[in-house]
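> Next comes the sequence, and after it the predicted model I'd like to discuss.
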Amino acid sequence: METSSQVNINSKYSEELAEECLEWIKVITGENIDTSGDMDNFYEILKDGTLLCKLANHIKPGQVKKINESKMAFKCMENINAFLEAAKIFGVPAQETFQTVDLWERQNLNSVVICLQSLGRKAHNYGMPSIGPKEAEKNVRNFTEEQLRAGQGVISLQYGSNKGATQSGINFGNTRHM
């Protein structure tokens, strides 16, 4: 029996996005996996963390030093953890990663999808195919000292004018009765 919070988390899960993630993983790793975005399939394919580690190593060779092929719980969780560390190194923001138990104990597969989507957007930085919307690139502008000084002498119209008005006589809330 799922708790109401579990139902709520699962209702955010998108089979479409999960399928996109699995197809992307298949393209990058070359592994022959079922790319159905069905929750059970998504979980079964990723739960031991081995495919996630292989993905990290395809993005940047040698990123995950040791992939545990063992199906023992702590070994699988070590794999998931190694992948999460790699994802952070690849630039996935902390708020877009997931907790190991989200995947291992199937607590929040939606957060796993979010993390993979985020990683998918970073992949092009490593010369890999990416998924999702392309991220904006930094637009660095270089101004000369002269240009910067020129901007300091301007009184912006955004500051407006109060045409001599003051704030005297303005009371907020209840005034003091004496």
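Sure, I can see it. Residues are numbered from 1 along each chain as shown.
> What's the mean pLDDT across stretch 19-34?
Along stretch 19-34, the predicted local confidence has a mean pLDDT of 96.
> which other residues reach that stretch?
Stretch 19-34 is touched from outside by 35-37, 41-42, 45, 51, 54-55, 58-59, 113, 116-117, 120, 123, 128-132, with contacts defined as CB atoms under 8 Å, 6 or more residues apart in numbering. Backbone N, C-alpha and C define where each C-beta goes, glycine included.
> Give me the buried entries from those.
With burial judged by 16 or more other CB atoms under 10 Å, the buried subset of those is 35, 37, 41-42, 45, 51, 54-55, 58-59, 113, 116-117, 120, 123, 128, 130-132.
> Is Leu52 in contact with Phe83, as I believe?
Yes. Distance between Leu52 and Phe83: 3.7 Å, which falls inside the contact criterion (CB atoms under 8 Å).
> What confidence value was assigned to the residue nearest in space to the middle of the chain?
Centrality entry for the chain: nearest residue to the mean C-alpha point is Glu96, 3.0 Å, by CA atoms, centre = their mean. For Glu96, the pLDDT comes out at 96.
> Just list the residues touching it, thanks.
The contact partners of Glu96, taken as CB under 8 Å, 6+ apart, are 114-115, 118.
> Show residues contacting the longest helix seen in the chain.
Ranked by number of residues, the top helix in the chain under DSSP state H is helix 73-89. Under the contact criterion CB under 8 Å, 6+ apart, helix 73-89 has outside partners 47-50, 52-53, 55-56, 59-60, 63-68, 70, 94, 97-98, 100, 103-104, 115, 118-119.
> Out of these, which sit inside helices?
For the contacts of helix 73-89, secondary structure assignment (DSSP H) places 50, 52-53, 55-56, 59, 100, 103-104, 115, 118-119 in helices.
> Sketch out the low-pLDDT regions of the chain for me.
1-3, 133-141, 143, 148, 150-178 (pLDDT under 70).
> From the contacts of Glu96, list the buried ones, please.
The neighbour-count criterion (16+ other CB under 10 Å) marks 114-115, 118 among the contacts of Glu96 as buried.
> Please identify which two of the ones in helices among the contacts of helix 73-89 are farthest apart in space.
The most widely separated members of these, counting by CB to CB, are Ile59 and Trp104 (21.8 Å).
> Of the buried ones among the contacts of Glu96, just say which sits nearest to Ala18.
Proximity to Ala18 was ranked across those by CB to CB; first place goes to Ile114, at 10.5 Å.
> That's all I had, so thanks and see you.
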